[in-house]
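Novice: Quick one, fold the following:
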Amino acid sequence: MDYEELYVKYQTLLNENFGLKAEIKRLKALLSISKPQKEVASEINTESSSDQISNHHNNIKALHPILHNFSEDKDKVNLFMSLFRSRDDVFAKRWQSKAGKSGYSPVCLNEWEPGVCYKPKVKCSECSHKSYAKFDEKIVEEHLRGNIVVGIYPLCIDEMCYFLAIDFDDTGWQKDISVLRNVCDEFEIPYAIERSRSGNGAHAWFFFENQISSALARKFGTALLTCSMNKRHEIKFKSYDRLFPNQDIMPKGGLGNLIALPLQMAARKNGNTVFIDDNFEPYADQWKFLGGIVKLSEDNVDALITRTCKRNELGELRKDDDELQRPWPTARIRLSKHDFPKKIVIIKSNMVYIPKNGFSQKTLNTLKRLAAFKNPDFYKAQAMRMPTYNKPRVISCCEDLERYLCLPRGCQEEIHSLLSKSNIDVTWIDETNHGRNIDVEFNGTLRNEQQEVIDELLNHDTGVLSATTAFGKTVVAAKLIAARKRNTLILVHRQQLLLQWIARLSEFLRINEELPVQEKKRGRRKKRGLIGQIGAGKDSLSSIIDVAIIQSLNSTGKVKECVKNYGMVIVDECHHVPAFSFEQILKKVNAKFVYGLTATPTRKDGHHPIIFMHCGAERFRVDAKKQAEKRPFDHYVVPRFTSFRIPINENSKELTIQELYTEITVDEIRNQLIVDDVFNSYENGRNSLVLSERTAHVMLLAKRLKERVPEVLTLMGGMGTKKTKEILTKISAIPTDKQLTLVASGKFVGEGFDEPRLDTLFLSMPISWKGTLQQYAGRLHRLYDKKNDVQIYDYVDTHVRMLEKMYGKRLNGYASIGYKVKGENIGTEPSDIIFDKNSFLPIYRNDILSASIEIVIVSPFVTYKRVTQMLQYFNNIVNKQVKITVVTRPSEDFKDTRIPALEQIFEVLKGVGIKVILKSNIHQKFAIIDQKTVWYGSINLLSFGSAEESIMRLVSNNIAYELIKSIEI
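Specialist: Sure, this is the predicted structure:
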């Protein structure tokens, strides 16, 4: 008997065993047989041969004597409060307006007090006069009697909790609950199921002997759900977001999510907020049931997580790029032939349709997880103590129909791989639209690298091309259309891009087709071309080659049927696909060939897997650094250090980036620095683009520049189609012997704006995402005869921690696209490259050893290993009478456990003659050698940095002076 047969037999016996246990339980209930609490606890503590928990009597136990309906009110309240423990310094009460709206609000003793309470203008969490009412026995009694409806906050101030609850309220919640019950019975986990207030859902409650961390409790709940999903694939991923508490960490200024307390009298009369049995019937004696509830210890919870979920508690999900590149093997779900039907026929159309009949629940769950991934946006918000409302932990692109599991087309290769590993024979039926053949020829010549891209894309029906701005993605697409010879739809998200595509396709394609005859309709006949369009005020499809603005195809929330009429669809700037309207259209597209084009396939919110699920895998990536080397001009970043500071009455830690943008907009000295730089650029005959993230800032800078520069043009959102077209026409009309100065909003010209003359970019406001930086820098990368170099003026706000950190991220971005750094305005002095944590040390060490006067090193963090590594060099130059000063944070800034080690490091430095200056909460990271050579970036020079950190080397007395000023020593 082989392993698979043994495994099947084991599963059969296990299922039979569970069925018999359930039948015994049902029969005992019919006979009204009940066990004493001690026997129940003892039975729960009994360790089966498969158990890995040490379930001693002290670990799992009922803490209260059995109560009943006629017990004393005081005993009932005490029991209730011992189970449903939460924050006792605040609770919420349900309200209902005259209009029928309802909700919960924390109870405040100052609510509606004139001159004190400013609801709804001021949120309770932001009110300085809030005085929350206590949660006590009296409140519980009022709730139980039906006088009020109380909600409690499970997440305590110390981020601990006394219980975990899981909410089920989707269609089929009874089946979801039944599966969860079976899982709990299988692992002997005590639980309580309460029908919710609406009656259309339920809460599963798990109680703990003592407080445990919210993170551990939620991990336990997540593991239970993951285990349950293997037994019922219909349990939705959003169940992971229906845990109480719903965050590991207390959100800043918030209270966490609340849950309505059970057993509210008014709801009980309708059979709701009561605890129910396996048949979804209320227990006859609710208090007897509650008195018999068993609590879990922290050790139990730890062990149960391991038992219920052998791998990550979220289970197997689609791998991101980092996970795919890990050198160690990852665990995979074990499936056998018995998990599949004998014959599998998969249909490929707008999505991949997998018939569910014959698949095990575990297999269906595994398949749907191929189209699901962890949402980085959730974890980022949680880590920053921000609310996670409307941020799911898992994002799924799978659709679960009655008969079919539907996955996006881009998952086809993963589906094939999964089935192949299980040696399953599959028949694929292609029901995609092959479109109609069109007579079209390419009218151009490709570069070798562009031909490589075409060769690769033609090997696949779907795929993404990731290439920098100015690579010629539009030309590649034109060649692809000519090679495939299928009627094609190009999707864009902006009018500007639509017009560019029509112009480029007209230039690079010869279309030997006749327009199809239109139906005769009354009214004026539309002017049509062989390249049709939807958008920019026109609806004139040719059904040969068409360009469409996404919003025009999904303006009413319903996708137009015309998207199904093409054999090939090309998505420009496909990094926008995760946007809801974009994704809805791609879900309807049934073209045989689907391709995506982008310069930045990685999204800041981490939702880029959606791109590849709908457009296919990344087939070709053009290296940005290599592209920079091939361009016939140099690439420089010119850092400009500002004196911008937070107003004295503000705390920089409390300000959001939008609030900082507001302060930057009106900072007179900073704006003057930008205007002076742009004017100097104009004087030097350069063509400048000034970008800001705020419209008000665009207008302010443009106004100031117009006082010194003859003609300044402005582009920003909200100008209207007519005005925008007028400005674009003006730009095109400017003679080549005159300089161009354009001030614009980043969002308006960040993508699709095409003016080859531009050679200088001014980033007047800080950004951090490298994708945005690449888009902005790409405005300079178009080839132009008179272009010898391109320059980006970057304004570094060293005095503000958040803004300086953003510059550190930009620095890493500059390095990735091949930029070098210049310390002053571009002149004859040599430039320096931007280094990472692995490449900077040899050159930095040489600079240290070459010092002749003094060295200042500012490193907020220090480690013994890095300090001892540098000591041999420090000793050499101290002996040459070179003065060394190290500025770092005092030991009091850190945890107590680090203090002894830090004090030792300080003594070691002082022992070799180095001056140590301690400044609390400094954030700058730099070294200045002989008041001129500057090392500046995100690397702590006396500790070890992460792989993402970068540092630049430049020679500048002015920058050295500005940096020394920034730390005020």
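Novice: Okay, strands next: where are they in the stretch 201-350 of the chain?
Specialist: In the stretch 201-350 of the chain, the segments counted as strands under DSSP state E, counting those that start in this stretch are 202-213, 243-244, 259-260, 344-348.
Novice: Tell me which of these is the most buried.
Specialist: strand 243-244 (a mean of 24; mean count of other CB atoms under 10 Å). From N, CA and C alone the C-beta is placed, and that goes for glycine too.
Novice: For that strand, give me every contacting residue.
Specialist: 154, 163-167, 203, 218, 221-222, 257-259 (CB atoms under 8 Å, 6 or more residues apart in numbering).
Novice: can you list the domain ranges for the protein.
Specialist: Here the domain parsing of the chain from automatic domain parsing is 34-64+155-308, 89-152, 321-326+336-430, 440-515+528-622, 628-821, 833-967.
Novice: just to revisit the earlier point, switch the contacts of strand 243-244 over to a markdown table, and while doing so, append distance to residue 269 to every line.
Specialist: A markdown table is the format used below for the contacts of strand 243-244 (distance: CB to CB, whole Å):
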| residue | distance to residue 269 |
| --- | --- |
| 154 | 26 |
| 163 | 25 |
| 164 | 28 |
| 165 | 23 |
| 166 | 26 |
| 167 | 22 |
| 203 | 19 |
| 218 | 33 |
| 221 | 30 |
| 222 | 35 |
| 257 | 27 |
| 258 | 23 |
| 259 | 21 |
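Novice: And the furthest pair within these?
Specialist: Distances among those were taken as CB to CB; the most separated pair is 222 and 258, at 20.1 Å.
Novice: List the buried residues in stretch 389-404.
Specialist: Across stretch 389-404, burial judged by 16 or more other CB atoms under 10 Å covers 391-398, 404.
Novice: What of stretch 713-722?
Specialist: 714-716, 719.
Novice: quick one: which of the contacts of strand 243-244 is nearest to residue 277?
Specialist: residue 203 (14.9 Å).
Novice: Now do the same contact list for that closest one.
Specialist: 165-168, 193-194, 196, 244, 259, 262.
Novice: The same query, at a cut-off of 7 Å, please.
Specialist: 165-167, 194, 196 (CB atoms under 7 Å, 6 or more residues apart in numbering).
Novice: Just name the closest of those residues to residue 678, please.
Specialist: residue 167 (55.9 Å).
Novice: so what strands line up beside the helix or strand hosting the closest one?
Specialist: Secondary structure from DSSP states H and E places residue 167 in strand 160-168. Note on strand 160-168: by DSSP bridges, its sheet partners are strand 202-213 (antiparallel), strand 243-244 (antiparallel).
Novice: can you redo the ones you listed as a markdown table with mean pLDDT?
Specialist: A markdown table is the format used below for the strands paired with strand 160-168 (pLDDT from 0 to 100):
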| stretch | mean pLDDT |
| --- | --- |
| strand 202-213 | 96 |
| strand 243-244 | 96 |
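Novice: Which elements pack onto the helix or strand where residue 182 lies?
Specialist: Following DSSP H and E, one finds residue 182 within helix 173-186. Judged by 3 or more CB pairs under 7 Å, 6 or more residues apart in numbering; DSSP states H and E, helix 173-186 is in contact with helix 3-30, strand 202-213, helix 214-229.
Novice: So what angle separates the directions of the last one and strand 202-213?
Specialist: Between the axes of helix 214-229 and strand 202-213, defined by axes from the mean of the first three to the mean of the last three CA atoms, to 10 degrees, the angle is 140 degrees.
Novice: Give me the distance from helix 214-229 to the chain's centre.
Specialist: Between the mean C-alpha location of helix 214-229 and the chain-wide mean there is a distance of 21 Å, by CA atoms, centre = their mean, to the nearest Å.
Novice: What mean pLDDT does that helix get?
Specialist: Across helix 214-229, the average pLDDT comes to 96.
Novice: In it, which residues are buried?
Specialist: By neighbour count on 16+ other CB under 10 Å, the buried set for helix 214-229 is 214-229.
Novice: Show me what that helix is packed against.
Specialist: Counting by 3+ CB pairs under 7 Å, 6+ apart, helix 214-229 packs on strand 160-168, helix 173-186, helix 298-308.
Novice: For that helix, give me every contacting residue.
Specialist: Counting by CB under 7 Å, 6+ apart, 155, 159-161, 164, 166, 179-180, 183, 235, 239-240, 243, 245, 248, 301, 304-305, 308-309, 313-315, 365 sit against helix 214-229.
Novice: Okay, angle between it and helix 298-308 too, please.
Specialist: 30 degrees.
Novice: the inter-axis angle of helix 214-229 versus helix 173-186?
Specialist: Orientation check (the same axes, to 10 degrees): helix 214-229 against helix 173-186 gives 110 degrees.
Novice: average pLDDT for stretch 540-548?
Specialist: For stretch 540-548, the per-residue pLDDT averages 93.
Novice: Show me the contact partners of that stretch.
Specialist: 438, 481, 487-492, 498, 501-502, 505, 511, 513, 515-516, 526-535, 562, 565.
Novice: ends of that stretch, how far apart?
Specialist: Start to finish, the residues bounding stretch 540-548 are 10 Å apart (CA to CA, to the nearest Å).
Novice: Ok, stretch 73-92 next?
Specialist: Taking CA to CA, the first and last residues of stretch 73-92 lie 23 Å apart.
Novice: any idea which of the contacts of residue 203 is closest to residue 767?
Specialist: Distances from residue 767 to the contacts of residue 203, taken by CB to CB, are shortest for residue 167, at 38.8 Å.
Novice: Check the gap between that closest one and residue 198 for me.
Specialist: Applying CB to CB, to the nearest Å, the value for residue 167 to residue 198 is 11 Å.
Novice: Who has more neighbours out of these two?
Specialist: Comparing residue 167 with residue 198 by other CB atoms under 10 Å, the one with more neighbours is residue 167, at 19 against 11.
Novice: Residue 949 contacts residue 939, doesn't it?
Specialist: Yes. Counting by CB atoms under 7 Å, residue 939 is a contact partner of residue 949 at 4.7 Å.
Novice: list the residues that contact both of those two?
Specialist: Counting by CB under 7 Å, 6+ apart, the residues touching both residue 949 and residue 939 are residue 837.
Novice: quick one: stretch 781-800 to chain centroid distance?
Specialist: 29 Å.
Novice: If you could redo that for stretch 530-542, that was the one I meant.
Specialist: 35 Å.
Novice: Check stretch 443-463 too.
Specialist: Distance, centroid of stretch 443-463 to centroid of chain: 32 Å (CA atoms, centre = their mean).
Novice: Let the chain start at 238 from now.
Specialist: With the count now opening at 238, the last piece we talked about shows up as stretch 680-700.
Novice: Which positions in that stretch come out as buried?
Specialist: For stretch 680-700, by 16+ other CB under 10 Å, it's 683, 686-687, 690-691, 694, 698-700.
Novice: In TSV, list these along with distance to residue 1021, secondary structure and pLDDT.
Specialist: Below are those laid out as TSV (distance: CB to CB, whole Å; DSSP: H, G, I helix; E, B strand; the rest coil; pLDDT from 0 to 100):
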residue	distance to residue 1021	secondary structure	pLDDT
683	21	coil	94
686	20	helix	93
687	19	helix	95
690	23	helix	96
691	26	helix	97
694	28	helix	96
698	37	coil	96
699	35	strand	96
700	31	strand	95
